[in-house]
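> Structure, please.
(one chain, ligands or ions: 2)
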Amino acid sequence: MKRSIYSLTFDQLQEWLIEHGQKKFRAKQVWNWLYKKRVNTFAEMYNLNKDCQLVLKENFYLGTLEQEIKQESKDGTIKFLFKLSDGNLIETVLMKFSYGYSVCVTTQVGCNIGCSFCASGLLTKNRDLSAGEIVEQIMNVQKHLDTKGKEERVSHIVVMGIGEPFDNYDNMMDFLRIVNDQEGLSIGARHITVSTSGLAKRIYDFADENLQVNLALSLHAPNNELRTKIMKINKAFPLEKLMPAIDYYLEKTNRRITFEYILLKDVNDHKKEAEQLVSLLKDKRHLSYVNLIPYNPVDEHNQYDRSEKKAILDFYQVLLENGINCGVRVEHGTDIDAACGQLRSKQIKKDKEKQKA
Ligand code: SAH
Ligand code: SF4
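Ligands and ions are numbered 1, 2, ... in the order given. Just a heads-up that it's a prediction; the model follows:
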């Protein structure tokens with residue numbers, strides 16, 4: 001069966017070429033065409049012999065995503081809605097920062113974790129994305145930047161789009177190896193962040209990978225009762241299982257971890273929770289950063305509101321006074337449905353309404 005050529009790591013492509021009677025060094029040439037010259041057809045890879053071009057063309061697609069919608073926000077954030085070869089829709093977001101361009105990628109079609117505040121969890125998981133489908137999101141965005149002709153490149157990646165990356169672990173790891181490889185896009189591991197809702201088992205695996213990739217944990221509550229209420233995954237991996245996994249990660253990697261904390265009005269934004277958060281993190285504060293995230297309202301989750309500005313500031317002050325590194329996330333593209341999974345769920349709703357009409 002034909003698959004995306006972007007699914008293969010450099011080593012996998014080398015092996016594949018040898019198995020198909022080609023020379024090993026062709027892998028370097030192919031990757032140069034794919035990731036540096038960024039061609040759209042195998043025919044353009046003119047330094048490959050015809051036989052090699054043919055065997056690649058017979059076995060691989062050079063891209064499977066189709067761009068459905070591109071929305072540009074006033075602040076320059078661009079949201080892409082892509083259609084996969086089976087018709088499923090996914091989202092990718094491009095953000096511009098002072099330090100470069102960052103892309104937020106999707107790892108699954110929908111999400112089974114079902115957090116109570118999240119638009120992605122509204123639609124359960126349909127399937128995992130292949131490594132190639134995740135790489136292609138970056139390639140499509142990079143090709144968009146290429147059209148501007150200013151040699152601008154994707155320099156940072158956040159694995160924070162639709163889906164739970166640790167529920168699609170192997171494909172996500174191949175994706176990281178592919179985009180990080182110096183033969184290809186060469187995006188620095190330190191510029192990549194993977195966010196998880198807290199699949200503790202996989203946090204141990206990730207710590208053992210020996211990578212410089214950053215980890216973010218979606219904590220959102222400092223005690224089990226509250227965390228289970230807003231994230232049902234906390235039943236399977238309560239804090240007494242999660243925090244030892246985090247400690248293992250910190251000890252093994254000595255890398256700073258980001259704790260994400262969405263502030264939900266009158267739910268988890270009181271002084272009491274700020275103080276509990278301090279207690280939870282104080283023994284690891286030298287390697288912790290708390291990212292306070294103003295909640296992005298989702299139509300279907302109208303039980304939640306965004307915290308008041310004062311509540312956000314008070315919460316921040318408590319952390320700061322107790323020596324916890326923290327910041328309040330600056331929002332991007334709120335005028336274009338940039339909250340995780342929002343554009344996709346709206347488009348699916350629209351499509352369904354069209355079908356009914
Ligand atoms: N599944 C992973 C990664 C994708 S979600 C995870 O949960 O970590 C990426 C981040 O967006 C998470 O921290 C998630 O909690 C947050 N998020 C989801 N819905 C949001 C909303 N409506 N407003 C603000 N942040 C949201
Ligand atoms: Fe899934 Fe993350 Fe959304 Fe939770 S926040 S439903 S884990 S995508």
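
> So, low pLDDT: which residues of the protein?
For the chain, the stretches with pLDDT under 70 are 121-122, 332-357.

> Point to the residue nearest the middle of it.
In the chain, the residue lying closest to the centroid (C-alpha atoms, centre = their mean) is V159, at 1.5 Å.

> Contact partners for the closest residue to that residue other than its chain neighbours?
Spatial nearest neighbour of V159, excluding adjacent residues (C-beta to C-beta, 6 or more residues apart in numbering): V194 at 4.4 Å. Quick note: C-beta positions are derived from backbone N, CA and C, even for glycine. By C-beta atoms under 8 Å, 6 or more residues apart in numbering, the contact list for V194 reads 159, 165-166, 172, 176, 206, 213-216.

> next structured bit after the helix or strand in which V194 is found?
Counting by DSSP states H and E, the element that carries V194 is strand 192-196. Counting by DSSP H and E, the next helix or strand C-terminal to strand 192-196 is helix 200-207.

> So which bits of that following helix are buried?
For helix 200-207, a neighbour-count test (16 or more other C-beta atoms under 10 Å) marks 200, 202-203, 206-207 as buried.

> Mind giving me the packing neighbours of that helix?
strand 192-196, strand 214-218, helix 239-253 (3 or more C-beta pairs under 8 Å, 6 or more residues apart in numbering; DSSP states H and E).

> Would that helix count as contacting ligand 2?
No. Judged by C-beta under 6 Å from any ligand atom, helix 200-207 and ligand 2 are separated, with a smallest distance of 12.4 Å.

> Put the alpha carbons of that helix into CSV.
Extracted C-alpha coordinates of helix 200-207, given in CSV (Å, rounded to 0.1, in the frame of the first residue of the first chain):
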residue,chain,number,x,y,z
ALA,A,200,2.1,8.6,33.7
LYS,A,201,3.4,5.4,32.1
ARG,A,202,4.4,7.3,29.0
ILE,A,203,6.1,10.0,31.0
TYR,A,204,8.6,7.4,32.2
ASP,A,205,9.2,6.2,28.6
PHE,A,206,9.6,9.8,27.5
ALA,A,207,12.2,10.4,30.2
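
> Can you give the distance from it to the centre of its chain?
17 Å (C-alpha atoms, centre = their mean, to the nearest Å).

> thinking again about what came up before, export the helices and strands packed on helix 200-207 to TSV and append columns for distance to C115.
Converted to TSV, the helices and strands packed on helix 200-207 look like this (distance: least, C-beta to C-beta, whole Å):
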stretch	distance to C115
strand 192-196	12
strand 214-218	8
helix 239-253	15
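
> if I pick E240, what's in contact with it?
N224.

> can you map out the strands along this structure?
3-4, 60-61, 66-72, 78-83, 89-97, 100-104, 108-109, 127-128, 154-159, 192-196, 214-218, 257-263, 288-294, 326-328 (DSSP state E).

> Reformat those strands as JSON lines; add distance to D146.
Formatted as JSON lines, the strands of the chain follow (distance: least, C-beta to C-beta, whole Å):
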{"stretch": "strand 3-4", "distance to D146": "19"}
{"stretch": "strand 60-61", "distance to D146": "20"}
{"stretch": "strand 66-72", "distance to D146": "14"}
{"stretch": "strand 78-83", "distance to D146": "14"}
{"stretch": "strand 89-97", "distance to D146": "13"}
{"stretch": "strand 100-104", "distance to D146": "12"}
{"stretch": "strand 108-109", "distance to D146": "27"}
{"stretch": "strand 127-128", "distance to D146": "28"}
{"stretch": "strand 154-159", "distance to D146": "10"}
{"stretch": "strand 192-196", "distance to D146": "21"}
{"stretch": "strand 214-218", "distance to D146": "26"}
{"stretch": "strand 257-263", "distance to D146": "30"}
{"stretch": "strand 288-294", "distance to D146": "31"}
{"stretch": "strand 326-328", "distance to D146": "32"}
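
> Ligand 2: which of the ones you listed is closest?
Among the strands of the chain, the nearest to ligand 2 by C-beta to the nearest ligand atom is strand 214-218 (5.9 Å).

> Paired strands for that closest one, with orientation please.
Counting by DSSP bridges, the strands paired with strand 214-218 are strand 192-196 (parallel), strand 257-263 (parallel).
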